[in-house]
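[1] model the structure of this input:
(2 chains)
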Protein chains: 2
Amino acid sequence: MNQPVSGYLDAAAGLPLHPVAAEAMQAAWQDGWADPSRLTGAGRRSAVLLDAARQAGAAELGVRPDELSFLPSGAHALQHGVLGSLAGRRRTGNVLLHSAVEHSAVLHAADWHRQHGGEVRVAGVDPTGRVRLTEFLELAGQPGVATAVLQAANHEVGTRQPVDEAARRLAELGVPLVVDASHELVYGRPPATAPIFTADARLWGGPAGVGLLVIRQGTRWRPPFPVDEAESGRTAGMPNVPAIVAAVASLRATRADRAAEGARLAGLVERIRQQVPLSVEDTVVLGEDDPAGRLPQLVTFSCLYLDGEALLTELDRRGFAVSSGSSCTSDTLTPSHVLVAMGALTSGNIRISLHPGVQQADVERFLAVLPEAVAAVRAQAPGSPTARPGPITESRPTTATGPSTTGPSTTGPTTETGPSPDGGVLDSRGRRCPLPVLDLARALPGIEIGSELTVLADDPAAASDLQAWCRMRGQQLVEQAATADGASAYRVRRLH
Amino acid sequence: MNQPVSGYLDAAAGLPLHPVAAEAMQAAWQDGWADPSRLTGAGRRSAVLLDAARQAGAAELGVRPDELSFLPSGAHALQHGVLGSLAGRRRTGNVLLHSAVEHSAVLHAADWHRQHGGEVRVAGVDPTGRVRLTEFLELAGQPGVATAVLQAANHEVGTRQPVDEAARRLAELGVPLVVDASHELVYGRPPATAPIFTADARLWGGPAGVGLLVIRQGTRWRPPFPVDEAESGRTAGMPNVPAIVAAVASLRATRADRAAEGARLAGLVERIRQQVPLSVEDTVVLGEDDPAGRLPQLVTFSCLYLDGEALLTELDRRGFAVSSGSSCTSDTLTPSHVLVAMGALTSGNIRISLHPGVQQADVERFLAVLPEAVAAVRAQAPGSPTARPGPITESRPTTATGPSTTGPSTTGPTTETGPSPDGGVLDSRGRRCPLPVLDLARALPGIEIGSELTVLADDPAAASDLQAWCRMRGQQLVEQAATADGASAYRVRRLH
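    As a prediction, the model looks like this:
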């Protein structure tokens, strides 16, 4: 009953309860409902279950039982890990360092730290999403850095981070590393070299309500928020024993098959990586090419000229659940900070993440459906060639030859340097991504090679997307400048 | 399968999963496992369940759905309620006011507030545990008070607090009231007059992992800790939909019978209140006498001259689960702040709290077993007459006639006022409560009426316990003073 439907390709957003977890939880309702700190018989039975779960979980992670605590969610565990490390090292400094592609829980913790007088520094990543380690370590070596954060593998594109080397080098600098291990832990190796690491049980079919926080012996850490006697003073509220028992049971069951299952899923991912660019035009696979350098269960690709959420909806209608954009929430319109940091297109991204129930046939069905879904979305896009086959000057963005002929009369980009654009102005203001990219792709062939087109756009994601498109297509983004009305003007030179 | 054993008389520490909750949770594993913020089919099904649970829960509480959030525990809800109100009213001031008998989660939040530069004021209670409302309001009216906290009913002795009047008067002062409604909500009325109130689902047979936080419209509140998009930005981490669905289902099922069940349990509680003092010597029922002024399901009594935890263990051996002491944790040795504030004995307390499965026959069995359990514990107490029938001078505490004959030579109380004690010195240093009280009770009859005995004790609980005993027994505690070795000297006058 708890197996996801075969079209569920969004394992990284959480899984249904693993059958082993459901069974463990129902059993624990019998003997694990009471507060394990009570001296009653029911309390003692609960404590026995909690101790056993902690020991089994710690053994699976390669840590000591007293180094493992259970918090109400992966986000709680991560925020407590990060902010507790900062609190424990207040005398050393108040600077938090993290990579540009961490989970939003780290970003929220960093915001909170900043609001409370702390400082935050961010290390960049390369185009695969891997942290620039030299920059990361250089920043870590500066005075006042109290804590550094680096995920084991990126949750949006699957790229593995060099956490072992980072932990080792940081230890030499005296800076503790906090590792978000959620996605890596499903089939990979626990980051046992890190002083602190965390994970969310939902990624391996555990129930909601369980985050794992590991603080290795000898690591400075102080509770950042009010706590009580539960979990050695690392959180507040009674431990959720049935959920903890279920989380550990499903962790062990999932990881029992990790080598075989990881290899099988890596094969399916490889098939998607190969096939998608062949069967869908204008599509790029993101992240690391080397299989050893990425998660086996996850792949993300960018479809040019479409809105990822529209494609997600189209795929959902055809029975497939995937992620798009920031892979975090449905209601945020800001572009994914991960894709921005990578310099990738922020619109039109689809993340596929596989779970043990996914078979080759499911993947083949998906690959068969994807091209028609993409075509359907591209056909719907306002201003796209298919939807509006008339002359492109009919739609608002035009390839008018002079700035004065298009858009509100106030404009004309106010650039401070360089010659005036000689290819005209394309007004994409008021159009949300991916439309400015689409407008550019359609207009650029209309100007002469070597001349420049100025694109006006006010969607913040356009900055990242126009740049990514130019790099992908071998065109040149010469300059970005603010306009008088708060939009941006992007000068693009046609190179071929 | 989920009914507690009939001897479970500790409902206020949490209940096994209500059958309705178990059923709801299993159903929600099917359709509510996904993140409700996702745009996938599974996400939407999850969101539908969450919305339905929120609406049903809000209707039961008499609030709007958007006023109700679900947090990972009652402790989280209470701390977010209190600290979020303070954060929202930072411009008004940084003083937190609470009664002296709040749940430990409030005390932990207050500690945190103080550590972060805030100020905390505490209003006292009368001997029944009810807040002194005049004092509470007077403190609330002072400049800088940002938030006031008052429980709906006390979790240790059951006394109801005047939350409606407090909320009304505080509103006139412009100070919002945060109400911990956990125990009252099971059979009583939601404190809908309060701008903020909270509860823990474990009290009505909901699963662990669900706290209710109600913030009424127009109430200033800001998240005190890092949050994300979940629950309208009031907490972090994905909502635990299956647990929330189960929590609301059991709330409704429990409260559907609340009038009849409350009346039935009140009858059983009344029977315990009447019978215990009759069948067990030296026992006092604590809290409010008027049934309208207390919870129907809870009663606490003090057994003189014994250790509550020893009695708890003795009762557990006989198949009854109850609470003792602070009713909070097993491993804290500090006396209950509630009982200290009431001026009650802090040792030898037993809290009985009833759940819907408890029948009259269970209560009668308990009442039959209690006297022998108490006798067994009193017989074990070191230095008690039964255990050590020899002359009392054999044990370390003695009724020696002069200070110099007992204890380390350094001592003799250093009092600054009044005449020297003429009844001698009783050295109870190194003896944990309830032994100092027992020593006093045995020694006082040995001195002349009108003369004084000085008790030396170093257990911090002795201060409260010796005072409580003197009041209960009509003797006079003349003075408490520090001794040179860090202990305390209590001068007690024998009045009869």
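[2] first-to-last residue distance for stretch A:214-222?
    Stretch A:214-222 has an end-to-end distance of 13 Å (Cα to Cα, to the nearest Å).
[3] ah, wrong one, I meant stretch A:234-250
    So stretch A:234-250: terminal residues 24 Å apart, Cα to Cα.
[4] what is the mean pLDDT for that stretch?
    For stretch A:234-250, mean pLDDT is 94.
[5] gap between A:Val122 and B:Gly424?
    72 Å (Cβ to Cβ, to the nearest Å). In this view, the C-beta of every residue, glycine as well, is placed from N, C-alpha and C.
[6] how about A:Arg442?
    103 Å.
[7] in space, what's closest to the residue of the stretch 201-350 of chain A found nearest chain B - neighbours in sequence excluded?
    For the stretch 201-350 of chain A and chain B, the shortest gap (Cβ to the nearest Cβ) falls at A:Gly237, measuring 3.0 Å. Spatial nearest neighbour of A:Gly237, excluding adjacent residues (Cβ to Cβ, 6 or more residues apart in numbering or on different chains): B:Ser73 at 3.0 Å.
[8] spit out the contact partners of that neighbour.
    B:Ser73 is in contact with A:Pro72, A:Ala236, A:Gly237, A:Met238, A:Asn240, B:Asp200, B:Ala208, B:Gly209, B:Val210, B:Gly211, counting by Cβ atoms under 8 Å, 6 or more residues apart in numbering or on different chains.
[9] what does A:Gly262 give?
    Taking Cβ under 8 Å, 6+ apart as the test, what A:Gly262 contacts is A:Tyr187, A:Gly188, A:Pro296, A:Gln297.
[10] please parse chain A into its domains.
    A:11-255, A:265-380, A:392-493 (automatic domain parsing).
[11] buried deepest among those, which one?
    domain A:11-255 (a mean of 22; mean count of other Cβ atoms under 10 Å in any protein chain shown).
[12] quote the end-to-end distance of it.
    With Cα to Cα, one end of domain A:11-255 sits 15 Å from the other.
[13] A:Asn226 contacts B:Trp112, correct?
    Not Asn; residue A:226 is Pro. Yes - counting by Cβ atoms under 8 Å, B:Trp112 is a contact partner of A:Pro226 at 4.2 Å.
[14] identify the contacts common to these two.
    Common neighbours of A:Pro226 and B:Trp112 (Cβ under 8 Å, 6+ apart) are B:Gln79, B:Leu83.
[15] would you list the domains of chain A in JSON lines and tack on distance to B:Gly348?
    Formatted as JSON lines, these follow (distance: least, Cβ to Cβ, whole Å):
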{"stretch": "domain A:11-255", "distance to B:Gly348": "15"}
{"stretch": "domain A:265-380", "distance to B:Gly348": "53"}
{"stretch": "domain A:392-493", "distance to B:Gly348": "66"}
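[16] confidence-wise, which of these is weakest overall?
    Across the domains of chain A, the lowest-scoring stretch is domain A:392-493, with a mean of 75.
[17] and it, how far out from the chain's middle?
    Taking Cα atoms, centre = their mean, to the nearest Å, one finds the center of domain A:392-493 at 29 Å from the center of the full chain.
[18] same question, stretch A:297-312
    Worked out by Cα atoms, centre = their mean, stretch A:297-312 lies 13 Å from the chain centre.
[19] how about that stretch and chain B, touching?
    Yes - counting by Cβ under 8 Å from any Cβ of the partner chain, chain B is contacted by stretch A:297-312 at A:Glu309, A:Leu312.
[20] mind saving the C-alpha coords of that stretch as CSV?
    Output of stretch A:297-312 as CSV, limited to C-alpha atoms (Å, rounded to 0.1, in the frame of the first residue of the first chain):
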residue,chain,number,x,y,z
GLN,A,297,19.6,8.5,-8.2
LEU,A,298,19.2,12.1,-9.5
VAL,A,299,19.5,14.0,-12.8
THR,A,300,18.4,17.5,-13.8
PHE,A,301,18.1,18.9,-17.3
SER,A,302,17.2,22.3,-18.7
CYS,A,303,14.7,22.6,-21.5
LEU,A,304,15.2,25.9,-23.3
TYR,A,305,12.3,28.2,-24.0
LEU,A,306,9.8,26.8,-21.6
ASP,A,307,8.6,27.3,-18.1
GLY,A,308,9.6,24.4,-15.8
GLU,A,309,6.4,24.5,-13.8
ALA,A,310,4.3,24.3,-16.9
LEU,A,311,6.2,21.2,-18.0
LEU,A,312,5.9,19.8,-14.5
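[21] which residues of the stretch 201-350 of chain A fall in helices?
    A:241-256, A:258-279, A:308-317, A:337-342 (DSSP state H, counting those that start in this stretch).
[22] dump those helices into a markdown table; add distance to B:Ala260 as well.
    As requested, those are exported to a markdown table (distance: least, Cβ to Cβ, whole Å):
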| stretch | distance to B:Ala260 |
| --- | --- |
| helix A:241-256 | 30 |
| helix A:258-279 | 54 |
| helix A:308-317 | 48 |
| helix A:337-342 | 56 |
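[23] closest one to A:Ile449 among those?
    helix A:258-279 (26.4 Å; Cβ to Cβ).
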